[in-house]
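>>> Predicted model and sequence below, questions to follow.
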Amino acid sequence: MSTTVMKTSRSPVLMALFSQLIALTVIALLVSISPWLTIFEWALLQGILAAFISYFLKMDIWWVPIQLCFLPALITTLALGFPPLWFGIGFCMLVLVYGKTYQTQVPLYLSSHAVTQALSTYLPQKKNFSFIDLGCGCGGLLSLLSKTKANGTFHGIEAALLPYFIGKIKNLLAKADCNIQWGDLWQQNLSRYDIVYAYLSPAPMKILWKKICSEMRPGSVFISNTFIIPDIAPDDCIKLDDFSGSTLYIWRIRSDSDTSVTKIQNPVIPEKV
């Protein structure tokens, strides 16, 4: 399964560009008729219109302030004479940190220390197991777990270059017994792992469940931080008292796991693997 599978029928980036172009077209027509405002005032009006269009198209709410501020911010930076080099540096840094977020709709989330403690308690105490973190960021979770769970083998996959390099260097210096790879999580064969952990976003969860059901072995466990699988009730959940109010949702994979219906009406808390 490739990353292109994750693209939604309505790409947020294309929708944002569409909103900006429509708003810019309307403002251009108004300017041609009667240019009674300053350039910044026209830019602000264009931003308001683009934000309204984004809201009308039911884009995620955080797109609204982005659409509102985009052109006014651009006009302001040009007026202040910022060198174009800084824009290029900023763009490169965003690509290095976030990778193909415009496709995957999965930003960089870092698991809290409370998540590490909860997983350390939940994971097998004596039985050997294999664990993978899908989108492991800088690898902090894997590094800490590998030090407390000597009976586990820990793997991570990360698509963004900068977090991947930070994770590799940090684990090398800390001599952490875990393996972080740079690549596409959708190319990973999940049948090799007893426990799969993910901290992604709402966008890919439905298609991720299909991958889980087709690849993970019966008896293995999938754990999602914060984001649920639509219409599939978890077997257990662990609420955490951290800065983001995280909840770990836990599914035990069964031979009859279904991708289309609610698995169970009354979740049964599974025994620890």
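Sure thing, it's come through.
>>> ranges for the strands of this protein?
With DSSP state E, the ranges of strands along the chain come out as 129-134, 152-158, 178-182, 195-198, 221-225, 236-239, 247-252.
>>> and Val64, what does it touch?
With contact taken as Cβ atoms under 8 Å, 6 or more residues apart in numbering, Val64 is in contact with 51, 54-55. All C-beta atoms are positioned from the backbone trio N, CA, C, and that covers glycine.
>>> Save the residues you listed as CSV, and put in pLDDT too.
Below are the contacts of Val64 laid out as CSV (pLDDT from 0 to 100):
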residue, pLDDT
Ala51, 90
Ser54, 87
Tyr55, 87
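>>> As TSV, those residues with distance to Trp63 would be great.
Converted to TSV, the contacts of Val64 look like this (distance: Cβ to Cβ, whole Å):
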residue	distance to Trp63
Ala51	8
Ser54	5
Tyr55	8
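>>> Relative to Ser201, which of the residues you listed is nearest.
Ser54 (18.0 Å; Cβ to Cβ).
>>> how about the longest helix seen in the chain as PDB, C-alpha atoms only?
If you go by DSSP state H, the chain has its longest helix at helix 12-33. Provided in PDB are the C-alpha atoms of helix 12-33 (Å, rounded to 0.1, in the frame of the first residue of the first chain):
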ATOM      1  CA  PRO A  12      -6.900  19.900   1.800                       C
ATOM      2  CA  VAL A  13      -4.000  21.600   0.000                       C
ATOM      3  CA  LEU A  14      -5.900  21.800  -3.300                       C
ATOM      4  CA  MET A  15      -9.000  23.000  -1.400                       C
ATOM      5  CA  ALA A  16      -6.900  25.700   0.300                       C
ATOM      6  CA  LEU A  17      -5.400  26.800  -3.000                       C
ATOM      7  CA  PHE A  18      -8.900  26.800  -4.600                       C
ATOM      8  CA  SER A  19     -10.100  29.100  -1.800                       C
ATOM      9  CA  GLN A  20      -7.200  31.500  -2.200                       C
ATOM     10  CA  LEU A  21      -7.600  31.700  -6.000                       C
ATOM     11  CA  ILE A  22     -11.400  32.300  -5.800                       C
ATOM     12  CA  ALA A  23     -10.900  35.000  -3.200                       C
ATOM     13  CA  LEU A  24      -8.000  36.600  -5.200                       C
ATOM     14  CA  THR A  25     -10.200  36.600  -8.300                       C
ATOM     15  CA  VAL A  26     -13.000  38.400  -6.500                       C
ATOM     16  CA  ILE A  27     -10.700  41.000  -5.000                       C
ATOM     17  CA  ALA A  28      -9.000  41.500  -8.400                       C
ATOM     18  CA  LEU A  29     -12.400  42.300 -10.000                       C
ATOM     19  CA  LEU A  30     -13.300  44.700  -7.100                       C
ATOM     20  CA  VAL A  31      -9.900  46.500  -7.500                       C
ATOM     21  CA  SER A  32     -10.400  46.900 -11.200                       C
ATOM     22  CA  ILE A  33     -13.800  48.500 -10.600                       C
END
